[in-house]
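# Quick one, structure for this:
(chains A, B, C and D)
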2 protein chains.
Amino acid sequence: MERVSNLTSTPRPAGDRPPDDAGDRERLLHDLSALTLPLMWSLRQASMRALEPHGLRPIQALVLASIAQGQGSPKTLSEIVETAPPMMSSLLGDLEDRGLVTRSPDPEDRRRIRVDATDAGHALARAVDDAWLDASRERFADVSDDDLRTLVDVYTTLVRTP
Amino acid sequence: MERVSNLTSTPRPAGDRPPDDAGDRERLLHDLSALTLPLMWSLRQASMRALEPHGLRPIQALVLASIAQGQGSPKTLSEIVETAPPMMSSLLGDLEDRGLVTRSPDPEDRRRIRVDATDAGHALARAVDDAWLDASRERFADVSDDDLRTLVDVYTTLVRTP
DNA sequence: TATTGTTATACTCTATAACTATA
DNA sequence: TATAGTTATAGAGTATAACAATA
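A predicted model of the protein is given here:
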């Protein structure tokens, strides 16, 4: 269970030109950089597999989760997932058609739309959370508690400052 | 520079129902799970931004990198990026049209195709590596060396065993 | 005039099935 | 017959521009 913890040796990441004369940190960044794209892709594939039984794609799951947590308008949501407003409109239309969210005009500023999760939407968001947690449990089975904590700490700063 | 290192406090990840009665590891997994999907998405967006000047999408960059490292046939490549053979065929066609790779039948088994990177392909792969390394340098600016090493160690095991 | 959101359009990506060629 | 790869087709996802409504 502690297999990958606290190694000080340098693992060979992707097999291309190691910068021999670079500093320690620069070497780490190089290795990390080479691993990040494959990791992103494998995470994407894994998430699509985990979400498919629930009929959601990654971006839909992200949007639904944000709505379930109370994040409101289409504009806010499109900024969160870094996508253009028209796509958010179509995403929300899909979620609304499936009875997962509602759209209603904001009384204070009637240009603005309030988006809320329905009971079914909250239930699906929870189900997706559980499914993804199961996948994570399996994925990180060989990672030590200390390393998990480091990942949580680093990720927290990364998603906060994109 | 050591800002996010070795915290033992529990950061609040996404703001949904913390499992108070769960074990320590289970709580870590929950937090990590809640962060992983947003992280994947933000990595995807960042990679698209970094690759766009080079006219590549993430999957194209992954395939080109694999080819530049000597990974050979369409079948192998489609397994690496977890995609169906027809899509790899179309991807390789695009890369070939742009003069980045060549396709030639394998003399030993003429059903099999050898895919190789051209000089331009190798050059572009290097340029992409550099661009992505720059992005990583910025992204991880606030992460300590120790934490970087942990990330490299964990990622290495994760991409090896999907 | 500026902002929020939607509709319209075209383009790209991806998956499935049918087909060709070699073993 | 089984395998490697391509072509064909259809469907889903995404981006850009034009539009409608409110402030």
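
# Just list what the helix or strand hosting A:E26 packs against, helices and strands only.
Applying DSSP states H and E as the criterion places A:E26 in helix A:24-51. Applying 3 or more CB pairs under 8 Å, 6 or more residues apart in numbering or on different chains; DSSP states H and E, one finds that helix A:24-51 makes contact with helix A:58-68, helix A:119-139, helix B:24-51, helix B:58-68, helix B:119-139, helix B:145-160. No exception for glycine: its C-beta is placed from N, CA and C like everyone else's.

# Please report the distance of the residue nearest to the spatial centre of chain A from DNA strand C.
By CA atoms, centre = their mean, chain A has its centre lying nearest to A:L62, at 6.8 Å. For A:L62, the distance to DNA strand C (CB to the nearest atom of the strand, to the nearest Å) stands at 17 Å.

# just to revisit the earlier point, what would the helices and strands packed on helix A:24-51 look like in JSON lines with distance to B:S78?
Shown next, in JSON lines, are the helices and strands packed on helix A:24-51 (distance: least, CB to CB, whole Å):
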{"stretch": "helix A:58-68", "distance to B:S78": "21"}
{"stretch": "helix A:119-139", "distance to B:S78": "22"}
{"stretch": "helix B:24-51", "distance to B:S78": "20"}
{"stretch": "helix B:58-68", "distance to B:S78": "9"}
{"stretch": "helix B:119-139", "distance to B:S78": "18"}
{"stretch": "helix B:145-160", "distance to B:S78": "17"}
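
# Is it possible to get a markdown table of those that adds mean pLDDT and distance to A:R25?
As requested, those are exported to a markdown table (pLDDT from 0 to 100; distance: least, CB to CB, whole Å):
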| stretch | mean pLDDT | distance to A:R25 |
| --- | --- | --- |
| helix A:58-68 | 96 | 32 |
| helix A:119-139 | 95 | 27 |
| helix B:24-51 | 94 | 20 |
| helix B:58-68 | 95 | 23 |
| helix B:119-139 | 95 | 9 |
| helix B:145-160 | 93 | 5 |
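
# Of all those, which one is nearest DNA strand D?
helix A:58-68 (4.8 Å; CB to the nearest atom of the strand).

# and that closest one with helix A:24-51, angle?
90 degrees (axes from the mean of the first three to the mean of the last three CA atoms, to 10 degrees).

# packing partners for helix A:58-68?
helix A:24-51, helix A:74-80, helix A:85-97, strand A:113-117, helix A:119-139, helix B:24-51.

# from the middle of its chain, how far away would that helix be?
Distance, stretch centre to chain centre, for helix A:58-68: 10 Å (CA atoms, centre = their mean, to the nearest Å).

# can you check stretch A:155-162 too?
11 Å.

# now stretch A:107-124
Mean C-alpha position of stretch A:107-124 versus that of the full chain (CA atoms, centre = their mean) differs by 22 Å.

# what comes up buried for that stretch?
Going by neighbour count (16 or more other CB atoms under 10 Å in any protein chain shown), the buried part of stretch A:107-124 is A:I113, A:V115, A:A117, A:T118, A:G121, A:L124.

# Quick check: residues of chain A near DNA strand C?
A:73-75, A:85-86, A:88-90, A:92-93, A:103, A:111-113 (CB under 7 Å from any atom of the strand).

# A:M87 is in contact with A:S78, isn't it?
Yes. Using CB atoms under 8 Å, A:M87 makes contact with A:S78 at a distance of 7.4 Å.

# So these two - more neighbours on which side?
Using other CB atoms under 10 Å in any protein chain shown as the criterion, A:M87 and A:S78 rank with A:S78 on top: 19 against 12.

# Quick one: residues contacting the more buried one.
A:S78 makes contact with A:A84, A:P85, A:M87, A:M88, according to CB atoms under 8 Å, 6 or more residues apart in numbering or on different chains.

# again, only using 7 Å
The contact partners of A:S78, by CB atoms under 7 Å, 6 or more residues apart in numbering or on different chains, come to A:A84, A:P85, A:M88.

# By neighbours, which of those residues wins?
A:M88 leads these on contacts (other CB under 10 Å) with 22 neighbours.

# Please tell me how far it sits from chain B.
Distance, A:M88 to chain B, by CB to the nearest CB, to the nearest Å: 14 Å.

# Contact partners for that residue?
Here A:M88 is in contact with A:P74, A:L77, A:S78 (criterion: CB under 7 Å, 6+ apart).

# With pLDDT added, can I get those in TSV?
Below are the contacts of A:M88 laid out as TSV (pLDDT from 0 to 100):
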residue	pLDDT
A:P74	95
A:L77	95
A:S78	94
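
# Among the residues you listed, pick out the one closest to DNA strand D, please.
Among the contacts of A:M88, and counting by CB to the nearest atom of the strand, the member closest to DNA strand D is A:S78, at 9.2 Å.

# From DNA strand C, how far off is A:L28?
30 Å.

# what number of residues lie near the nearest residue to that residue once chain neighbours are set aside?
Closest residue in space to A:L28, ignoring its immediate chain neighbours: B:L148 at 4.3 Å, by CB to CB, 6 or more residues apart in numbering or on different chains. For B:L148, the neighbour count with other CB under 10 Å is 22.
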